[in-house]
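**Student:** Following is a predicted model, sequence given first.
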Amino acid sequence: MDIKFNKNEDTNKLLLSDLKKRLAQVHLGGGKAKMAKQHQQGKMTARERVDHLLDAKAERMEIGAFAGEGMYAEHGGCPSGGVIVKIGYVSGKQCVVVANDATVKAGAWFPITAKKNLRAQEIAIENRLPIIYLVDSAGVYLPMQDEIFPDKEHFGRIFRNNAIMSSKGITQISAVMGSCVAGGAYLPIMSDEALIVDKTGSIFLAGSYLVKAAIGESIDNETLGGATTHCEISGVTDYKAKDDAAALDTIKNIMDKLGDFTKAGYNRAEPVKPKEDPADIFGILPGSRSEPYDMMEIIKRLVDGSEFEPYKEGYGQTIITGYARIDGWAVGIVANQRKVVKTKKGEMQFGGVIYSDSADKATRFIANCNQKKIPLVFLQDVTGFMVGSKSEHGGIIKDGAKMVNAVSNSVVPKFTIVIGNSYGAGNYAMCGKAYDPRLIAAWPSAELAVMSGNSAAKVLLQIETASLKKKGETITEKKEKELFDKIKKRYDEQVSPYYAAARLWTDAVIDPLDTRKWISMGIEAANHAPIEKPFNMGVLQV
């Protein structure tokens, strides 16, 4: 190993260590004291409930662990958005599990909570996966009700999705394991089957205090909407459980009886580990986001047997396209090549930049994968499309538009891994969040923004200094540097993968060595949902 490899390895392993520390903090939810209070009430915490429910030795992955990070500081924060979402297996059946975290503001819904719940339902709908809700929530967080209540993608959309999933035959099971109040009471009852835990679970449109204020009736919450009331009098719930563990075991028994599903039919062979050591990724990936490297060396450490069949290998070399297998699943890979390449015309092309020829190649390859029913994997490390008169005269906008069109209209499932840069329109062409990847994850080395912090700071500095000069202020070299550093610091915070994950622009920040698992489980989920429409790119300027 050379010194450069070792330096890269040190940098990337420090980033991974930081990821693990952040996750450990997030897993504490509202804190140890709040977790102890849950236990005193005879309840498991949200993460304990999910762990008890999911098959112990099976793989699982968490969606939106960093949702809400750094947001709502004035309200005390909202770790993981106050809700845990995992894709895993219950009685051998792959499913989505959604669990309110009552240690975070009593499980109240912040705006990011609604967004995360909707993402969980979106995953279930797109992949026709069963979804299980473990309910323990005080309802909408009232100080922010204007940001969560009335809009199309706010709280009410949850119940609309309940109805849509029901019409599609997607299994929904709810367990009320704590509070379930007001509008939130509709979620479990719009599920196929609902359970409630005796003495700790309750469901009502209005609690005892509000009932007293509204109609003058004096009644306690247990009599108003406890397990006995809803299992024996109202008939609202279907099963009464003596405690959390019993409720979760009942769900396991229900899931065990589910029939098989119609498969989409994606090709899978016997899984094979990469021949090249995946851990080498840490030494191959440069510590600097501007430094070139060979993306093929990363691909060899992600695919089965380190085998890759390149498509149009000598053409449009700043994008790599080709076929491989990941954990047995056949995939088409579209990846940004980060090393500087030389064309047959003797021209040099910058790595990470999309040129007309590479956009044209990627468009053709995406169409081929749709024709052959092969899922697509996008490996992003892109600075954008090539600019300048030569590119403009060569029709870069037209070629870029063709690629965006192909990504937009693709009907096979798409999976995106942000390895490094994800800047500007390059994010779009390489299947960013706006283009409906089934899953999108980032490595700790990722950056997502319109442009790099350095480039943005230079542009914003020019605007700022011009404005100050117009006001008659003198800009010294020292003042200019202070302004630049201030702007860059602010921008660098926004390009962080954790900033993106906090806002659910990505589903997770992951250990690079978990990439194969994410793609494999993602394709397995997608295999539940047969393709319902043909691939059609519409009107194109060819």
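**Tutor:** Structure received.

**Student:** Which stretches in the stretch 201-350 of the chain count as helices?
**Tutor:** For the stretch 201-350 of the chain, the helices defined by DSSP state H, counting those that start in this stretch occupy 208-215, 221-225, 227-228, 244-256, 281-284, 295-299.

**Student:** So which elements touch the last one?
**Tutor:** Using 3 or more CB pairs under 8 Å, 6 or more residues apart in numbering; DSSP states H and E as the contact test, the elements touching helix 295-299 are helix 281-284, strand 319-326, strand 329-336, strand 376-382. Bear in mind the C-beta positions are built from the backbone N, C-alpha and C, glycine included.

**Student:** pLDDT below threshold where in the stretch 301-450 of the chain?
**Tutor:** In the predicted model, the stretch 301-450 of the chain carries pLDDT under 70 at residues 391, 393-394.

**Student:** Same question for the chain.
**Tutor:** Counting by pLDDT under 70, the chain contains low-confidence residues at 1, 183, 391, 393-394, 453, 540-542.

**Student:** what's the longest helix in it?
**Tutor:** Ordering each helix of the chain by length in residues (DSSP state H) puts helix 3-26 first.

**Student:** Name the residues of it that are buried.
**Tutor:** For helix 3-26, burial by neighbour count (16 or more other CB atoms under 10 Å) applies to N8, E9, T11, N12, L15, L16, L19, R22, L23, V26.

**Student:** same check, this time on stretch 521-530
**Tutor:** Neighbour count says stretch 521-530 has M521, G522, I523, E524, A525, A526, N527, H528, A529 buried, by 16+ other CB under 10 Å.

**Student:** sorry, back to before: got the CA positions of the longest helix of the chain in PDB?
**Tutor:** The C-alpha trace of helix 3-26 is given here as PDB (Å, rounded to 0.1, in the frame of the first residue of the first chain):
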ATOM      1  CA  ILE A   3       1.200   6.600   1.300                       C
ATOM      2  CA  LYS A   4      -1.600   8.100  -0.600                       C
ATOM      3  CA  PHE A   5      -3.800   5.000   0.000                       C
ATOM      4  CA  ASN A   6      -3.000   5.100   3.700                       C
ATOM      5  CA  LYS A   7      -3.900   8.800   3.900                       C
ATOM      6  CA  ASN A   8      -7.200   8.200   2.100                       C
ATOM      7  CA  GLU A   9      -7.900   5.300   4.400                       C
ATOM      8  CA  ASP A  10      -7.300   7.300   7.500                       C
ATOM      9  CA  THR A  11      -9.500  10.200   6.300                       C
ATOM     10  CA  ASN A  12     -12.400   7.900   5.300                       C
ATOM     11  CA  LYS A  13     -12.300   5.800   8.400                       C
ATOM     12  CA  LEU A  14     -12.400   9.000  10.500                       C
ATOM     13  CA  LEU A  15     -15.600   9.900   8.600                       C
ATOM     14  CA  LEU A  16     -17.000   6.400   9.300                       C
ATOM     15  CA  SER A  17     -16.100   6.800  13.000                       C
ATOM     16  CA  ASP A  18     -18.000  10.100  13.000                       C
ATOM     17  CA  LEU A  19     -21.000   8.400  11.400                       C
ATOM     18  CA  LYS A  20     -21.100   5.700  14.100                       C
ATOM     19  CA  LYS A  21     -20.900   8.300  16.900                       C
ATOM     20  CA  ARG A  22     -23.700  10.300  15.400                       C
ATOM     21  CA  LEU A  23     -25.800   7.200  15.100                       C
ATOM     22  CA  ALA A  24     -25.100   6.200  18.700                       C
ATOM     23  CA  GLN A  25     -26.400   9.700  19.800                       C
ATOM     24  CA  VAL A  26     -29.500   9.500  17.600                       C
END
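
**Student:** for the stretch 51-200 of the chain, what spans make up the strands?
**Tutor:** Applying DSSP state E, counting those that start in this stretch to the stretch 51-200 of the chain gives strands spanning 61-63, 83-90, 93-100, 131-137, 172-181, 193-197.

**Student:** before we move on, what about the stretch 401-542 of the chain?
**Tutor:** Ranges of strands within the stretch 401-542 of the chain are 414-423, 439-442, 447-449, 508-509, based on DSSP E, counting those that start in this stretch.

**Student:** coming back round to it: can you list the strands of the stretch 51-200 of the chain in a markdown table and add distance to F149?
**Tutor:** Below are the strands of the stretch 51-200 of the chain laid out as a markdown table (distance: least, CB to CB, whole Å):
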| stretch | distance to F149 |
| --- | --- |
| strand 61-63 | 24 |
| strand 83-90 | 17 |
| strand 93-100 | 18 |
| strand 131-137 | 15 |
| strand 172-181 | 15 |
| strand 193-197 | 24 |
